[in-house]
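A.B. asks: Here's a sequence, model it:
(4 chains, ligands or ions: 4)
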Amino acid sequence: MDNLKEINYGQAIYEGCYQEMENNDSVFVYGLGVDDQKGHYGTSKDLHKIFGEKRNFDMPLSEDAMTGVGIGAALAGLRPIYVHQRMDFLLLCMNQLVNMAAKLRYMSSGEHSVPFVVRAAIGRSWGQGAQHSQAFHSYFMHVPGIKVVAPTTPHDAKGCLIASIRDNNPVVFVEHRMLYSNTGYVPNNLYEVEFGKGRVLIEGTDITLVGASYTVTDCIRAAEALKKIGISAEVIDPVSLSPIDYDLIRKSANKTKKVLVVDNGWLTCGFSSEIIADLGINCSNLKLDRMGYLESPCPTTRVLEDGFYPDPEGVAIKANIMCNGEKNWKPEKISREEINSFKGPF
Amino acid sequence: MDNLKEINYGQAIYEGCYQEMENNDSVFVYGLGVDDQKGHYGTSKDLHKIFGEKRNFDMPLSEDAMTGVGIGAALAGLRPIYVHQRMDFLLLCMNQLVNMAAKLRYMSSGEHSVPFVVRAAIGRSWGQGAQHSQAFHSYFMHVPGIKVVAPTTPHDAKGCLIASIRDNNPVVFVEHRMLYSNTGYVPNNLYEVEFGKGRVLIEGTDITLVGASYTVTDCIRAAEALKKIGISAEVIDPVSLSPIDYDLIRKSANKTKKVLVVDNGWLTCGFSSEIIADLGINCSNLKLDRMGYLESPCPTTRVLEDGFYPDPEGVAIKANIMCNGEKNWKPEKISREEINSFKGPF
Amino acid sequence: MKEFDIKKAYHLFYLIRRSEEKIIELYDTDKIKSPVHLSIGQEAIAVGVSLALDDNDIVFSNYRGHAHYLAREGNLNQMWAELYGKIDGSSRGKAGSMHLSDWSVNFMTTSAIVTSAIPEAVGYAFAQKYKNDKGIVICYHGDGAVDEGVYWESLNFASLHNLPILFVCENNKYAIYTHQSKRMLNDSISERANAFGVKASKVDGLTTKDFYNAAYKSLDEIKNGNGPMLIECLTTRWRDHVGPGEDRHIKFRSDDELDNAIKNDDLLRLESMLSEKEVKKINDEVDNKINEAIKYSEKSSFPDTSEITEEVYG
Amino acid sequence: MKEFDIKKAYHLFYLIRRSEEKIIELYDTDKIKSPVHLSIGQEAIAVGVSLALDDNDIVFSNYRGHAHYLAREGNLNQMWAELYGKIDGSSRGKAGSMHLSDWSVNFMTTSAIVTSAIPEAVGYAFAQKYKNDKGIVICYHGDGAVDEGVYWESLNFASLHNLPILFVCENNKYAIYTHQSKRMLNDSISERANAFGVKASKVDGLTTKDFYNAAYKSLDEIKNGNGPMLIECLTTRWRDHVGPGEDRHIKFRSDDELDNAIKNDDLLRLESMLSEKEVKKINDEVDNKINEAIKYSEKSSFPDTSEITEEVYG
Ligand SMILES: Cc1ncc(C[n+]2csc(CCOP(=O)(O)OP(=O)(O)O)c2C)c(N)n1
Ligand SMILES: Cc1ncc(C[n+]2csc(CCOP(=O)(O)OP(=O)(O)O)c2C)c(N)n1
Ligand SMILES: [Mg+2]
Ligand SMILES: [Mg+2]
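C.D. replies: Ligands and ions are numbered 1, 2, ... in the order given. Alright, predicted model coming up:
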């Protein structure tokens, strides 16, 4: 265990970034506020002091052009990492990401490559409201030529970031605000987490729960509650959303015959549609269902916000219904300390 | 039949627009080239001569701001129609459409409404390449607060456009270039095609084919080919993609027990995922499959472009496999005059 | 030109200042569970501009919108209830601090995505012209907002169509902790606007009256059909970018910079122009109103979760 | 300053002109099944600028890129095969006319979404500075491109970081059929760029040599670390926006406008500066090369459909 230490998700991102910057001069980090005192939840803190301002710098509020700047720098052989405080801001970059980054290799028949990492924090908690709460991983899953990862553990955060930096394609790296404080054991060395491989976090036989980013933790907590009433839930963390490990999910589905997909986003044409569609096509006799954001923008006031997002109780209740048809059971209140303790003010 | 005339899809859009402009002074049309000699495939031709330049005008190449301008005008009670030559350009407008148009009503708890129509042509044919060939209906289906329609017949084109203009919400109106020359009978009067209702275009008992926009015509042609070998395919045109008529599709699926969804777009997290996921959840014992763009950007050269898009033969072959498991059958070549005769140069 | 009303200016200024201070006072109780972007230090702009407006003028703002709303004499009870996330809030708690809007005082909309409501303001001005309506659109924004390309697209369209809109740039020199000089080579917002056909002037008097004068003059020009205008108002944010705190510990600006601004507080200047009695009367009235608003908000209920999916479509 | 090479200028100019004319000649055969945006009438800019470049300078262009590519002495065979959609095309038919790119001559990328490759050009210039590499980035674009906000974001970043990039605005006054005056209040592209910290000059000499001189001077400044520059080059498109045809019938501009430009054809001027023999030699050489390229393209095969999903990821 000498080679491991316990750190949190934010620290793991920092470490992966730091080590890869040390390893490769072509890697640089930019984004609004990356070089300020907070350093994007600590993930880029003081990197400019260590590697120089050239390699960790702030920028004008110009998300669209700055995406193109990253792509252009990548064409020139650098490995830029563009950090976004909110994934909602990626809507300003869609043209560059989808029409340019995802296409340049193909249009040049392989002459160009775009080794470009776009880190985007997903919001929730503390009254973020309609414009600071969205997750658009499905938008990038939809488009060939771009990869998407959404690690949930510190181990995967570090390994996925390193793999993203080394990848020769544009990668959208999704990080949920409520995960930054998640702790776990992380190897000290440089390592890559392979894209396209998911993980079975909890093995089970009665039902498969599949999350995406933060909702994986909802699934884990739901599985614990379900265990108490004798339901054995298997929890899958896809880690990489594009490419996605369909095989792993299918295998689990064929075993449990019941799959509940819990997305950290809206349902329609989303991650949950994709997983369920794949199972509907490739497996048979499954009971399938899904949960995610309610079908509205995210409301600001806490009572409504709490109802808007999926939660572990809701996941457990739905899973129990799928397993037993039992509609009246409710688990004890499941506390989510990372949400309760988060007080903004941002 | 006095009340009907045979016109094409483009003319039907023109007529709906013209009549509603006559009917309501608040309606105006803008977009790149809408007042030029071509008038966006004739759909806005000379409207400025009839209604004044104020109500049909060209604009700077500023898709992002001009979307906001439409939203702002809608807030003020006008009913703008913004015409895009290519849906690919909507990627420049995602922030305004998703973060603003779709949210303003909700954030004001119903005080604001945004009666804003965004017409977007989908490309294909004549070497459009990677950036002029995409369809993003799934992006808008994904987001609550915005509606999506994709009519395929002249009748529905006119009626959906009128309904879109009168709707108090933002509506993305999807029109495929290969449909403009489609002819059909269209009522002379002003009428609305109701959102959220699909149509069974061909009744059948063996398999259900569901298209989206232009691929509905692929489904119809495939159904004709299948008929010749004794397969009775039911063809569904959803018309409205958000809201979508899940009931109609489920009903058909429960009858035929086999559903092939043919999207005019990529598969992952797309329209096809959504339809199949809904069926996977709400029906049982179905054989499900899907087709759409291949998993790449669209290549320019014709031989590759032809393979990139779904076609009626491919649909028929897959449907036959789903019905009979028969892998070697091929229908006779199905001609698509609208594609063959289209010679650009744009 | 109608005369600058010192009493009213003081009233509004004090109302904004005290409201923001109340938020600071209360924030620790977690009754306001959402980000707040305070206007303390920048009130003079909102007050000066608002005093120059007509009733039918229309305001677009951003997440830092409390001052703009209150200077427009928006409903204090509803604003507070909105901060509390209650059903008597102007948007039943769905908006919160970042998305205030209130049709009854022509306070249109505020976006938390920087620059995003600016083309809307231009579109509204387009509609005013289209409908031959009288009101001028006021579009408040920060110095950071001009970094975004859509800002220039918006100005370009506004000047091309000669629209009745006044852009009010609150230049507090920072976007969060990033100084303007880290975002643009030269201090050239007004120059850029002029090149885009929007007549711009820089107002660095820092007093409410200066902003009033500048706004009044610009509005007059716009009324006479002389197209869109911009006033770039120099100012200083006293508190942290977001939340109730201070930000000296972050050391992104010198203490002097802040201290000078605080020394120049126009609230004191306005106060000094009134009698003690006048001041006391206004202060008492405002303090009362704020206390009432807080009581009102405390009493109001939270919305029911069934409301989550309401008002998505119209 | 290295002298303007008339012979080379004529050679490149003639090569572009004849290539475009060949496309017109052949277009009806439907061998080129994709949109083409011809540069006829605008060649002088590409030729003038390219003659001023060093080998290690890097070019970004747009869908109207044939002239930029050929003036850079790109591979004619590969370009033609690309138009034909064949495997010997520079991108095996995946790009077509609108997306030419060729690493071997530092011809980077061309986008069909207006303005979309401009921030890329700036990013490339950023990388040049980052890596201490010598080449300057040349970014060609139309007058329509400056309407987009991302253009101004790009210029802002380029000037903020003092990047080695030359923007070349080919101002043919139209975006498709829309005159500049329908898109911006004043004819102020250069003025706007200056306000954004990018030193701009307007070049309306219309001759290849004028563009050469302007480019040369600007490149020299950039080499000396004097930051990004813009030359706004006035020019006229002779043919329709897209396709092989003319556009007089559309009547969006006066016949005079076009006729004057055609009368001023710099190809004739350059020709007149050479001996008949010299001209003939160049013409023959170029005509031959083009014929060879067409033969080459005719012979080349179409890609196999298995290639559709290749080269999506690297
Ligand atoms: C498009 C976008 N980018 C980034 C942010 C994050 N952000 C919120 S406020 C802000 C600073 C804006 O500065 P300025 O316009 O000067 O307004 P101020 O806060 O100083 O009043 C930033 C960067 C955002 N909300 N939207
Ligand atoms: C973002 C975007 N909007 C609109 C179009 C459609 N379009 C293609 S070329 C063009 C005109 C561009 O004009 P300009 O930049 O002056 O270049 P030119 O064609 O005159 O060389 C337009 C509007 C596009 N391709 N991309
Ligand atoms: Mg500021
Ligand atoms: Mg032009």
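A.B. asks: ok, residue A:92 - how many residues close by?
C.D. replies: If you count neighbours by other Cβ atoms under 10 Å in any protein chain shown, residue A:92 ends up with 31. Where C-beta positions appear, they are placed from N, C-alpha and C, glycine not excepted.
A.B. asks: Tell me the confidence at the nearest residue to it once chain neighbours are set aside?
C.D. replies: Nearest in space to residue A:92, with sequence neighbours left out and distances taken as Cβ to Cβ, 6 or more residues apart in numbering or on different chains, is residue A:63 at 4.1 Å. Turning to residue A:63, the model gives it a pLDDT of 98.
A.B. asks: list the contacts for residue A:63?
C.D. replies: A:84, A:89-90, A:92-93, C:148 (Cβ atoms under 8 Å, 6 or more residues apart in numbering or on different chains).
A.B. asks: Which of those residues fall within strands?
C.D. replies: With DSSP state E as the criterion, strands contain residue A:84 from among the contacts of residue A:63.
A.B. asks: closest to chain D among the contacts of residue A:63?
C.D. replies: residue C:148 (6.8 Å; Cβ to the nearest Cβ).
A.B. asks: wait, isn't that closest one in contact with residue D:153?
C.D. replies: Yes: between residue C:148 and residue D:153 there is a contact at 7.1 Å, judged by Cβ atoms under 8 Å.
A.B. asks: A strand includes residue C:200, no?
C.D. replies: Yes: with the criterion set as DSSP: H, G, I helix; E, B strand; the rest coil, the secondary structure at residue C:200 is a strand.
A.B. asks: what sits in contact with each of residue C:148 and residue D:153?
C.D. replies: residue A:62.
A.B. asks: How about the one residue in the stretch 201-346 of chain A that gets nearest to ligand 3: what's its closest non-neighbour residue?
C.D. replies: Nearest to ligand 3 in the stretch 201-346 of chain A, going by Cβ to the ion, is residue A:346, at a distance of 15.8 Å. Nearest non-adjacent residue to residue A:346, counting by Cβ to Cβ, 6+ apart: residue C:242, 4.8 Å away.
A.B. asks: do residue A:280 as well
C.D. replies: In space, not counting the residues next to it along the chain, residue A:280 is nearest to residue B:280; the distance is 3.1 Å by Cβ to Cβ, 6+ apart.
A.B. asks: what's the one you found in contact with, if anything?
C.D. replies: Taking Cβ under 8 Å, 6+ apart, we find residue B:280 in contact with A:276-277, A:279-280, A:286, A:288, B:286, B:288.
A.B. asks: Which element, helix or strand, includes residue C:122?
C.D. replies: For residue C:122, the element it lies in under DSSP states H and E is helix C:118-130.
A.B. asks: Tell me which stretches of the stretch 151-300 of chain A form helices.
C.D. replies: Assigned by DSSP state H, counting those that start in this stretch, the stretch 151-300 of chain A shows helices spanning A:154-166, A:215-228, A:246-256, A:271-282.
A.B. asks: The shortest one versus helix A:271-282: what angle between them?
C.D. replies: Computed by axes from the mean of the first three to the mean of the last three Cα atoms, to 10 degrees, the angle separating helix A:246-256 from helix A:271-282 equals 70 degrees.
A.B. asks: If we ignore the residues flanking it in sequence, what's nearest residue C:60?
C.D. replies: residue C:121 (3.8 Å).
A.B. asks: cool, residue A:235 as well?
C.D. replies: The shortest distance from residue A:235 to any residue that is not its chain neighbour, by Cβ to Cβ, 6+ apart, is 4.2 Å, and that residue is residue A:202.
A.B. asks: how about the one you found, what does it touch?
C.D. replies: For residue A:202, the residues meeting the contact criterion (Cβ under 8 Å, 6+ apart) are A:220, A:223, A:233-235.
A.B. asks: let's go with 10 Å and repeat that
C.D. replies: The contact partners of residue A:202, taken as Cβ atoms under 10 Å, 6 or more residues apart in numbering or on different chains, are A:209, A:219-220, A:223-224, A:227, A:232-237.
A.B. asks: go on, residue A:296?
C.D. replies: When contacts are counted by Cβ under 10 Å, 6+ apart, residue A:296 touches A:130, A:266, A:304, A:308, B:103, B:106, B:144-145, C:94, C:307-313.
A.B. asks: let's go with 8 Å and repeat that
C.D. replies: When the contact criterion is Cβ under 8 Å, 6+ apart, the partners of residue A:296 are A:308, B:106, B:144-145, C:308-310, C:312.
A.B. asks: Residue of chain A closest to chain C, please.
C.D. replies: Minimum separation of chain A from chain C (Cβ to the nearest Cβ) falls at residue A:127, amounting to 2.3 Å.
A.B. asks: so residue A:206 makes contact with residue A:259?
C.D. replies: No: taking contacts as Cβ under 8 Å, residue A:206 lies outside contact range of residue A:259: 11.2 Å.
A.B. asks: the more surrounded of those two?
C.D. replies: Neighbour tally, residue A:206 and residue A:259, criterion other Cβ under 10 Å: the higher count belongs to residue A:259, 28 against 19.
A.B. asks: for that one, which residues make a bridge with it?
C.D. replies: residue A:208, residue A:288 (DSSP bridges).
A.B. asks: Identify the residues contacting it.
C.D. replies: Going by Cβ under 8 Å, 6+ apart, residue A:259 touches A:207-210, A:249, A:252-253, A:275-276, A:279, A:286-289.
A.B. asks: do that again at 6 Å, thanks
C.D. replies: With contact set as Cβ atoms under 6 Å, 6 or more residues apart in numbering or on different chains, residue A:259 has these partners: A:208, A:253, A:279, A:288.
A.B. asks: between these, which has the most around it?
C.D. replies: Most neighbours among the contacts of residue A:259, by other Cβ under 10 Å: residue A:208, with 31 neighbours.
A.B. asks: Give me the pLDDT for it.
C.D. replies: The predicted local confidence for residue A:208 comes out at a pLDDT of 99.
A.B. asks: helix, strand or coil for the closest residue to ligand 2 within the stretch 1-150 of chain A?
C.D. replies: Using Cβ to the nearest ligand atom, the closest approach of the stretch 1-150 of chain A to ligand 2 is made by residue A:95 at 7.6 Å. At residue A:95, secondary structure determined by three-state DSSP is helix.
A.B. asks: No more questions from me, cheers.
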